[in-house]
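>>> Below are the sequence and a predicted model for it; my questions follow.
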Amino acid sequence: MSENKMSDIIKASMDGIRAFTDMDTVIGNAINTPSGVTVIPVSKVSMGIATGGVDYGTKRIPGAQNFGGGGGTGLSITPIAFLTVGRDAEVNLIHVKTSTTDIDRIASLIEHSPEIIEKIKESLS
């Protein structure tokens, strides 16, 4: 009997998340600007679910079972970047500045290293 009740708790949590988020939450709707540039927001979605329950008997009614349970859901949506598509079909990714760690800075440096090396070569030529 408690199996159905736990399933109901989990289903209620998942239905709440589905009602709040969809694919448009991660890759947002395109925004067309008057200058012809299309901007597409990109977000990070993090989620956590906790559920629990217990069956327990009663002393007053032998064989009777009671159920106690509950659940909770946490959801975080963080904008991380914007994709821009120009009139000439040039695509750029613009990162949203957040508090960065050294690892994020190193990853960004590695990501942009071909551009940096090319600029150094051009300046030495």
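Yes, it's here.
>>> what's the burial count for Arg87?
Using other Cβ atoms under 10 Å, Arg87 is surrounded by 9 other residues. Using the backbone N, CA and C atoms, a C-beta is placed for each residue, glycine as well.
>>> Equivalent analysis for Ala12, please.
The burial count for Ala12: 12, using other Cβ under 10 Å.
>>> Can you show me the helices along the chain?
Taking DSSP state H as the test, the helices found in the chain are 2-20, 23-26, 102-124.
>>> Now Val37: phi and psi?
With angles defined as degrees, to the nearest 10, Val37 shows backbone torsions of phi -90, psi 140.
>>> Can you tell me the centre-most residue of this structure?
Centroid-nearest residue in the chain: Val45, 1.0 Å away (criterion: Cα atoms, centre = their mean).
>>> so how many other residues sit close to Asp55?
Burial measure for Asp55: 14 neighbouring residues, criterion other Cβ under 10 Å.
>>> do the same with the one 3 residues further on
By the criterion of other Cβ under 10 Å, Thr58 has 10 neighbours.
>>> Equivalent analysis for the one 4 residues further on, please.
Using other Cβ under 10 Å, Pro62 is surrounded by 7 other residues.
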